[in-house]
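In: Structure, please.
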Amino acid sequence: MMKAYLVGLHPEVWEIVKNGVKEHKDPSSATLREYCHIHLNAQATSVLLSDLSAEEYNKVIGLEVAKEIWDTLHIAHEGVEKVRQSKIDLLMEKLNQFVIMDGEGTQEMFDRLMAIVGKIRGLGGKEMNDHNVVKIFLETYSPRE
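Out: You can find the predicted model right below:
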């Protein structure tokens, strides 16, 4: 969602977050384009820092480059590849054990299912396509003997 928000502000804001901005040793000799990049980095930094909790802010305190802030938060939330894959595996196991709860309606069950699927997709899990989601939903909702 943050990517969509940053692109919505201006596509170059996201590019600055994704690719970084060159550090300028002498701001007095910066070109107009370099000033533009400095401004875009400041915008991106402001957006990234604006809604952080105190705990999250402590992870990035002192960082002034949007890419560094983004990378730090990205690793903290998604982790390195092994950690990310472990999180996906845990969520997939949760799906394998997914059952309807007592007194739970169809919509509540679906919402709970989609929350897990959303987390898997957010971590980059490719195996959770719509077909698999429907299959899990139908298997869970079908009457048991």
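In: For Gly20, which non-adjacent residue is closest in space?
Out: What sits nearest to Gly20 in space, not counting adjacent residues and going by C-beta to C-beta, 6 or more residues apart in numbering, is Lys67, at 3.8 Å. Bear in mind the C-beta positions are built from the backbone N, C-alpha and C, glycine included.
In: Let me know whether Met2 touches Leu48 as I believe.
Out: Yes - if you go by C-beta atoms under 8 Å, Met2 and Leu48 touch, sitting 7.4 Å apart.
In: And these two? Which one has more around it.
Out: Neighbours were counted for Met2 and for Leu48 using other C-beta atoms under 10 Å; Leu48 has more, 22 against 15.
In: Which strand or helix spans the more buried one?
Out: For Leu48, the element it lies in under DSSP states H and E is helix 32-50.
In: Val99 now?
Out: With DSSP H and E as criterion, Val99 is part of no helix or strand.
In: and the next helix or strand along the chain from the helix holding Leu48, what's its mean pLDDT?
Out: Counting by DSSP H and E, the element after helix 32-50 in chain order, helix or strand, is helix 54-60. Averaging pLDDT along helix 54-60 gives 89.
In: Give me the buried positions along helix 54-60.
Out: 56, 60 (16 or more other C-beta atoms under 10 Å).
In: Can you name every helix or strand that it contacts?
Out: When contacts are defined as 3 or more C-beta pairs under 8 Å, 6 or more residues apart in numbering; DSSP states H and E, helix 54-60 sits against helix 32-50, helix 66-78.
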